[in-house]
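Student: Give me a 3D structure for the following:
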Amino acid sequence: MEIGVGLPTTVPDVDGRRLVDWAVRAEEHGFSTLGVLDRLVYDSYEPLTALTAAAAVTTRIRLATSILLAAYRPGTPLLAKQLATLHEISGGRLTVGAAAGGREDDFQATGAPYRNRGRRLDAILTELSNIWDGKETDTGVTGIGPRPTPPGPELIVGGHTPAAMRRAARHANGWIAGGSSATAYADLAQQARTAWRTEGRSDTPRLVALVYACLGPEARTTAEHYLRAYYAFIGPKAEMAAKAVITDAESLRETATAYAEAGCDELLIFPCTAAPDQLALLAEAALP
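Tutor: Residues are numbered from 1 along each chain as shown. Below is the predicted model of the structure:
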């Protein structure tokens with residue numbers, strides 16, 4: 001199983017320069033992927049801009065939106081151009097992870113409808129692929145570039161519902177889970193494989209998961225403060241998210257082993273702080 005790490009675009013102690021330095025050091029440590037979270041109505045950095053900065057200072061590490069809330073973004077053609085540009089700047093290292101999302105205020109901020117976001121995400125994923133293949137947009141326009149170098153960005157879809165599993169099997173190369181335990185992940189991974197077979201696919205999904213971790217002095221206090229704020233939109237369940245964070249190296253190693261045994265192909269470890277020593281601590285604990 002590969003081990004990736006999150007780019008800390010949403011943590012309270014980050015700044016723009018530290019994001020760029022984090023990307024360089026993540027590649028030096030040997031992480032497989034740099035992932036980014038997507039929030040609009042939050043004090044965070046825009047994920048595609050942050051990944052483009054990371055692409056400019058790295059050469060090997062994959063870059064992933066994990067996940068992108070594509071349905072709140074106005075205009076699929078513009079999004080297709082942004083993603084293709086990032087993919088080409090990075091030398092073909094982009095993985096586009098997308099999901100329907102669950103924060104209504106992000107949609108309100110752009111005027112995008114919230115209630116039909118799943119159906120619109122299906123349409124967006126289809127149109128992205130069409131644009132990258134040089135086909136017409138939904139409005140009959142052709143010629144939007146750059147054309148991604150074949151085979152283009154990898155697509156993965158997130159979500160635990162049957163609709164999300166079907167969406168992944170119809171549109172994507174893989175499936176990503178967030179907020180599940182390793183025990184629950186084994187069952188979810190099997191559901192994803194079943195969805196692939198139901199759609200008549202002969203390949204198997206690339207299976208990805210993410211967890212939150214924070215190591216070092218005051219790790220639990222730091223992590224819980226951040227996660228309570230980040231997940232405040234889910235109400236009392238935010239406390240469950242905060243308590244689930246991994247705060248010691250041995251637990252992180254055990255969690256990685258459990259996900260590997262559950263069939264996960266890549267585990268993304270998202271930090272809760274951008275402190276200078278945090279990346280080294282995560283690497284020491286999680287990387288072979």
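Student: all contacts plus neighbour counts: C-alpha atoms, from now on.
Tutor: OK.
Student: For the lowest-mean-pLDDT helix or strand in the chain, list every residue counted as buried.
Tutor: Across the helices and strands of the chain, the lowest-confidence element by mean pLDDT, DSSP states H and E is helix 237-243, at a mean of 88. Across helix 237-243, burial judged by 16 or more other Cα atoms under 10 Å covers Ala238, Glu239, Ala241, Ala242.
Student: One more: stretch 214-234?
Tutor: Neighbour counts using 16+ other Cα under 10 Å place Cys214, Leu215, Ala219, Arg220, Thr222, Ala223, Glu224, Tyr226, Leu227, Arg228, Tyr230, Tyr231 of stretch 214-234 among the buried residues.
Student: Do a quick rundown of the strands in the stretch 51-200 of the chain.
Tutor: For the stretch 51-200 of the chain, the strands defined by DSSP state E, counting those that start in this stretch occupy 62-68, 94-98, 154-158, 174-178.
Student: which residues are contacting the longest one?
Tutor: Put plainly, it is strand 62-68. With Cα atoms under 8 Å, 6 or more residues apart in numbering as the test, strand 62-68 has contacts from 32-38, 47-48, 51, 55, 93-99, 157-158, 176.
Student: Can you list the strands that that strand pairs with?
Tutor: Neighbouring strands of strand 62-68 in its sheet, by DSSP bridges, are strand 33-36 (parallel), strand 94-98 (parallel).
Student: For Thr110, find the nearest of those.
Tutor: Set against Thr110 and scored by Cα to Cα, the strands paired with strand 62-68 come closest in strand 94-98, at 17.6 Å.
Student: elements contacting the helix or strand harbouring Ala229?
Tutor: Element membership for Ala229 (DSSP states H and E) is helix 219-230. Applying 3 or more Cα pairs under 8 Å, 6 or more residues apart in numbering; DSSP states H and E, we find helix 219-230 packed against helix 237-243.
Student: tell me how far the helix it packs on is from the chain's mean position?
Tutor: Counting by Cα atoms, centre = their mean, to the nearest Å, helix 237-243 is centred 20 Å from the centre of its parent chain.
Student: And for the closest residue to Ile89 other than its chain neighbours, the neighbour number?
Tutor: Of all residues not flanking Ile89 in the chain, Ala55 sits nearest, at 6.7 Å (Cα to Cα, 6 or more residues apart in numbering). Neighbour count for Ala55, taken as other Cα atoms under 10 Å: 27.
Student: Model confidence for Ala55, exactly?
Tutor: At Ala55, the model reports a pLDDT of 98.
Student: can you name the farthest residue from the center of the chain?
Tutor: In the chain, counting by Cα atoms, centre = their mean, Gly140 sits farthest out from the average C-alpha position, at 30.6 Å.
Student: Report the contact partners of that residue.
Tutor: Gly140 neighbours (Cα under 8 Å, 6+ apart): none.
Student: Please tell me how far Leu188 sits from Tyr114.
Tutor: Look at Leu188 and Tyr114: by Cα to Cα, to the nearest Å, they are 25 Å apart.
Student: Which one's more surrounded, those two?
Tutor: Set Leu188 next to Tyr114 and count neighbours by other Cα under 10 Å: Leu188 wins out with 22 against 19.
Student: how about the helices in the stretch 51-200 of the chain?
Tutor: 76-89, 104-110, 117-132, 162-171, 182-198 (DSSP state H, counting those that start in this stretch).
Student: mind checking which of these is nearest Glu284?
Tutor: When the helices of the stretch 51-200 of the chain are compared by Cα to Cα, helix 182-198 sits nearest Glu284, at 21.0 Å.
Student: Please tell me how far that closest one is from the chain's geometric centre.
Tutor: Remark: helix 182-198 is offset 18 Å from the chain centroid, using Cα atoms, centre = their mean.
Student: Contacts for it, please.
Tutor: In contact with helix 182-198 (Cα under 8 Å, 6+ apart) are residues 160, 165-166, 168-170, 175, 177, 202-205, 207, 255, 258-259, 262-264.
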